[in-house]
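[1] no sequence on this one, just coordinates:
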């Protein structure tokens, strides 16, 4: 029998609004936060009682008290009503956390902290025996999402008794239940996944560091080797990153990885001869032909009308599709956030270049080119140095240190790289993450990639382009700096058009947004001559072929003369001013 109560009722000692004998009532329960619901069918005559968000209260398999389930997904047919109701613990999805940050707290204190800071008063009471200390930030998350993060980060398991929420180190018991291959396997469907098995690992840590012994092996061996190279991130603070500490941390992470992956991932579904006493989290020993596995009950389907388990699923991993999709969704959201952050960085850097490049001083001596915020160079704070040793920037004066640098030995200081492109294999942990996402959402990848490629290629035409080049030869040194950019209004409109038309005509939408300004500066240095020039070309919006104006200045310095020239062309008219200076005379010519 089931009872129907109003949405906000909490006392279930009465018969509620009505007591109904259902045509069907099955309880489906999964471990922790993965799901707990009932599927119900009742006669159509009860249609006035079955409403969205009402409570359906039933006696479940695992709890002494009747449990409340929130009615939803109602289907009304000619003779019956079908609905699914989720356990009230999943009401947590309806309570919001704006910016809540439990810091350095154990399980109970973390749960209590967030439970007291929901947008509406939380109906839940929390308990935990998890003593692990940790920290988490919940910004614009619902309470259920916060619980999921706490489950992973604090390493515990959730259980519920109506609105009483428990966060425990373990659920279930080990009562010695054993299943052997080829003996009591009747009615069992077996799933095995060997794709991540590893019994020997070559760990790679921070900045490419490896172990002195190179490999670590597990205590489990199979007939063929399962060896992998695995990258690990460091959680050490900057001052703690000594070689000794990094190696110690790497060895620990490698051992944890082996412990997690030395066995295949297995899942078993039993539909007959089920031990009716099994509960979520109970241990089942599986005698596999290659190894003995410890598994646990992760899901069951219980017929409330007959009070029998009709399906039991146990294993050492969860095959739940929703859980895997949620994980993929989170990875995609994380990548989206990183892309958004990159756009902000690009905008800020563009603003810095456009602003600061109008100031400063260029200083050339015998061995290097300097760009300084102040003269003389000994008093400058911000310094760019071009020389044979490399290119470097210092915010601490001429002598450095140089936080950003490219040196002659091919080294790039990547610690301060905020955005850009790097090989996936060089980014710790990213290769495996992307590979996992690609396998999971292979059907979506091609479409997203095509749209992204079309948009990126189109937007590339309107984005600012900067280029610097230095050529050194026996005859002399030539340095060149060029810049091409679009107006703010054009780029903004182009970007909007590209987003709207990415799948069909991005290139056509953007091809009319012409570059409005192109600048170039060149310095050529020889043993007997220095020649420097600066030019700019201004183009129309409608087409890059029609140039309305251009300007150029040039200074040529030799051992016995200095020649400076300024040119400006508007339409077909050209204006030239030229000064020729030697030790004997100065000539000035204008036309």
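    Yes, it's here. Keep in mind it's a predicted model, so treat the numbers as computed, not measured.
[2] for the stretch 101-250 of the chain, what spans make up the helices?
    107-115, 143-154, 243-261 (DSSP state H, counting those that start in this stretch).
[3] Mind listing what's buried along stretch 129-144?
    Buried residues in stretch 129-144, counted by 16 or more other Cβ atoms under 10 Å: 130, 134, 136, 138, 141, 142, 143, 144. (C-beta placed from N, C-alpha, C; glycine too.)
[4] Which of these fall within strands?
    138, 141, 142 (DSSP state E).
[5] Could you check how far the last one is from residue 221?
    Spelled out, it's residue 142. 46 Å (Cβ to Cβ, to the nearest Å).
[6] Pop the domain breakdown of the protein in here.
    What automatic domain parsing lists as the domains of the chain is 2-90, 95-171, 441-591.
[7] what's the first-to-last distance across the first one?
    Spelled out, that is domain 2-90. 20 Å (Cα to Cα, to the nearest Å).
[8] and what of the second one?
    Across its full length, domain 95-171 reaches 26 Å end to end, with Cα to Cα as the criterion.
[9] coming back round to it: most tightly packed of the helices of the stretch 101-250 of the chain?
    A comparison of the helices of the stretch 101-250 of the chain by mean neighbour count, using mean count of other Cβ atoms under 10 Å, puts helix 107-115 on top with a mean of 21.
[10] what angle do that one and helix 143-154 make?
    150 degrees (axes from the mean of the first three to the mean of the last three Cα atoms, to 10 degrees).
[11] returning to what we had before: if we only consider the ones in strands among the buried residues of stretch 129-144, which is nearest to residue 60?
    Taking Cβ to Cβ as the measure, residue 60 lies nearest residue 142 of those, at 24.8 Å.
[12] I'd like the distance between residue 141 and residue 119.
    From residue 141 to residue 119 the distance is 11 Å (Cβ to Cβ).
[13] what sits in contact with each of the two?
    96, 97 (Cβ atoms under 8 Å, 6 or more residues apart in numbering).
[14] And the strands in the stretch 101-250 of the chain, which stretches?
    Listed in chain order, the strands of the stretch 101-250 of the chain (DSSP state E, counting those that start in this stretch) span 125-128, 138-142, 157-161, 164-168, 177-180, 188-193, 200-204, 216-217, 227-231.
[15] Looking at the ones you listed, which is nearest to residue 410?
    strand 200-204 (20.6 Å).
[16] List the buried residues in that closest one.
    201, 203, 204.
[17] quick one: residue 15 and residue 44, what's the gap?
    Taken as Cβ to Cβ, the span from residue 15 to residue 44 is 21 Å.
[18] likewise residue 92?
    Residue 92 sits 33 Å away from residue 44 when distances are taken as Cβ to Cβ.
[19] thinking again about what came up before, which of the domains of the chain comes out lowest on mean pLDDT?
    For the domains of the chain, the bottom mean pLDDT is recorded on domain 441-591, which sits at a mean of 56.
[20] between the helices of the stretch 101-250 of the chain, which one is nearest to residue 51?
    Nearest of the helices of the stretch 101-250 of the chain (Cβ to Cβ): helix 143-154, 23.2 Å.
[21] Check which helices and strands that closest one sits against.
    strand 96-100, helix 107-115, strand 138-142, strand 157-161, strand 164-168 (3 or more Cβ pairs under 8 Å, 6 or more residues apart in numbering; DSSP states H and E).
[22] Describe which strands the third one pairs with in its sheet and in which direction.
    To tie it back to what came earlier, the one meant is strand 138-142. Sheet pairing of strand 138-142 (DSSP bridges) gives strand 96-100 (antiparallel).
[23] what about stretch 198-208, how long is it end to end?
    Counting by Cα to Cα, the terminal residues of stretch 198-208 are separated by 21 Å.
[24] Need the contact partners of that stretch.
    210-211, 214-218, 220-222, 225-234, 236, 241, 246-247, 249-251, 253-254, 257-258, 261-262, 428.
[25] how far away is residue 64 from residue 125?
    If you go by Cβ to Cβ, the gap between residue 64 and residue 125 works out to 17 Å.
[26] on that earlier part again, TSV for the helices and strands packed on helix 143-154, including distance to residue 175?
    Compiled in TSV, the helices and strands packed on helix 143-154 are given as follows (distance: least, Cβ to Cβ, whole Å):
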stretch	distance to residue 175
strand 96-100	39
helix 107-115	26
strand 138-142	37
strand 157-161	18
strand 164-168	18
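[27] To residue 279, which of the ones you listed lies closest?
    So among those, strand 157-161 is nearest, using Cβ to Cβ, at 10.3 Å.
[28] From the contact counts, what lies against that closest one?
    Counting by 3+ Cβ pairs under 8 Å, 6+ apart, strand 157-161 packs on helix 143-154, strand 164-168.
[29] which ones are touching residue 68?
    Here residue 68 is in contact with 5, 12, 55, 56, 57, 87, 88, 162 (Cβ under 8 Å, 6+ apart).
[30] Looking at neighbours, which among those is most surrounded?
    residue 56 (25 neighbours; other Cβ atoms under 10 Å).
[31] Report the beta-bridge partners for that one.
    Beta-bridge partners, per DSSP bridges, of residue 56: residue 4, residue 69.
[32] Please tell me the pLDDT value assigned to the nearest residue to residue 277 once chain neighbours are set aside.
    Nearest residue to residue 277, sequence neighbours excluded (Cβ to Cβ, 6 or more residues apart in numbering): residue 175, at 7.8 Å. The confidence metric pLDDT takes the value 85 at residue 175.
[33] from what I can see residue 175 touches residue 282, true?
    Yes. Between residue 175 and residue 282 there is a contact under Cβ atoms under 8 Å: 6.7 Å.
[34] out of these two, which sits in the busier spot?
    Counted by other Cβ under 10 Å, residue 175 and residue 282 do not tie: residue 282 has more neighbours, with 19 against 12.
[35] For the closest residue to that one other than its chain neighbours, give its distance to residue 262.
    Excluding the flanking residues, the one nearest residue 282 by Cβ to Cβ, 6+ apart is residue 172, at 4.2 Å. Per Cβ to Cβ, residue 172 is found 23 Å from residue 262.
[36] same deal with residue 243?
    The value you get for residue 243 to residue 262, if Cβ to Cβ is used, is 28 Å.
[37] Tell me who's in contact with residue 194.
    264, 265.
[38] from now on call the first residue 21
    Got it, the first residue is 21 from now on, which makes the last one we talked about residue 214.
[39] in stretch 33-42, what counts as buried?
    Across stretch 33-42, burial judged by 16+ other Cβ under 10 Å covers 36, 37, 40, 42.
[40] could you redo the residues you listed as a markdown table and give each row secondary structure and distance to residue 188?
    Below are those laid out as a markdown table (DSSP: H, G, I helix; E, B strand; the rest coil; distance: Cβ to Cβ, whole Å):
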| residue | secondary structure | distance to residue 188 |
| --- | --- | --- |
| 36 | coil | 31 |
| 37 | coil | 34 |
| 40 | strand | 34 |
| 42 | coil | 32 |
